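In: following is a predicted model, sequence given first.
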Amino acid sequence: MWHLPLFFYRPGYLTMDTAGIFGWIFSLFTGSVLLTWLFNSSKGSILICAVFHSTIDIAFSTDIANQQVGSYMGFLLTVWGVLTIIIFTPKNLTAKRRVVSPVDNNVNRSKITPYQ
């Protein structure tokens, strides 16, 4: 929903066909996987995610890049996202082993209220 307004003011989005829309939605999914992977692998750095997202925004939104370059970049980002899922598995999406706090292991979850 966040990216939906792009369809109302960007010329490339206004002329997108059905296949392009489905490809764009799939690339949003893989982009969110990449952002999750970057966030988890950088110990929760919002800065890394913001730089990554803004770089993609600049690359796709600038009028200097033609449509074909944007399509290739979108394809490469989608392949990178799919490979990230395959290599790091959806469970963790990080290069490091998941760290479980010893406190979390001893918590009786049946007694936790939503406000704890």
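Out: In hand now; what should we look at? These numbers were taken from a predicted model, which means no experiment stands behind them.

In: what ranges do the helices span in the protein?
Out: With DSSP state H, the ranges of helices along the chain come out as 6-9, 11-14, 18-41, 46-61, 67-92, 102-105.

In: can you say which of those helices is packed in most?
Out: helix 18-41 (a mean of 15; mean count of other Cβ atoms under 10 Å). All C-beta atoms are positioned from the backbone trio N, CA, C, and that covers glycine.

In: now do it: which elements does it pack against?
Out: In terms of contacts (3 or more Cβ pairs under 8 Å, 6 or more residues apart in numbering; DSSP states H and E), helix 18-41 is packed against helix 46-61, helix 67-92.

In: go through those helices and find the least confident stretch.
Out: Lowest mean pLDDT within the helices and strands packed on helix 18-41: helix 67-92, a mean of 81.

In: between that helix and helix 46-61, how many degrees?
Out: With axes from the mean of the first three to the mean of the last three Cα atoms, to 10 degrees defining the directions, helix 67-92 sits at 150 degrees from helix 46-61.

In: report the inter-axis angle for helix 67-92 versus helix 18-41.
Out: 50 degrees.

In: now for helix 67-92, which elements pack on it?
Out: helix 18-41, helix 46-61.

In: relative to residue 83, which of these is closest?
Out: Judged by Cβ to Cβ, the one of those that comes nearest to residue 83 is helix 18-41, at 9.5 Å.
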